[in-house]
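> Turn this into a model:
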Amino acid sequence: MSDTADELELYWDQGNGNWVLKGTYSSDGVATFDHLFSSHTYQFKARQRRSGDNQWSYYSNILSITTKSPPQPVPDYVRDITALGDWISKITLTWYSPTNWIDGGWYYKI
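Next up, the predicted model:
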């Protein structure tokens, strides 16, 4: 906050175009936002009120932040891989997927 401000209003947009007042602050501080969606863009802006004439400033520039995607787990090992050959020109491999397998998200490289 500037030296001449009495309070600051912090607004945020959850991606739907509606600006919502997060809070009013009377000193420098920190605002925490919990339970946000991953891979989602949020926008923030603020304004402050001058103590001398009780006038509100223009809104600040808009800050856009995109939350990260949660990390993918590392796949466990492939279980019980076995091979069967026809002794001529064919080998067939069989195995069980890892216990933490994600359908459609991983593939095997042999």
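> so what's the residue nearest the centre of the chain up against?
Note on the chain: the residue nearest the mean C-alpha position is T67, at 2.4 Å, using CA atoms, centre = their mean. Applying CB atoms under 8 Å, 6 or more residues apart in numbering to T67 gives the contacts L36, F37, S38, S39, H40, T41, Y42. (Each C-beta comes from the backbone N, C-alpha and C, glycine too.)
> would TSV of the residues you listed with distance to S2 be doable?
Output for these, formatted as TSV (distance: CB to CB, whole Å):
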residue	distance to S2
L36	29
F37	33
S38	35
S39	35
H40	31
T41	28
Y42	25
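> What's the separation between the residue nearest to the centre of the chain and P75?
24 Å (CB to CB, to the nearest Å).
> swap in T41?
Here T41 is placed at a distance of 30 Å from P75 (CB to CB).
> who has more neighbours, those two?
Using other CB atoms under 10 Å, the more surrounded residue of T41 and P75 is P75, with 16 against 12.
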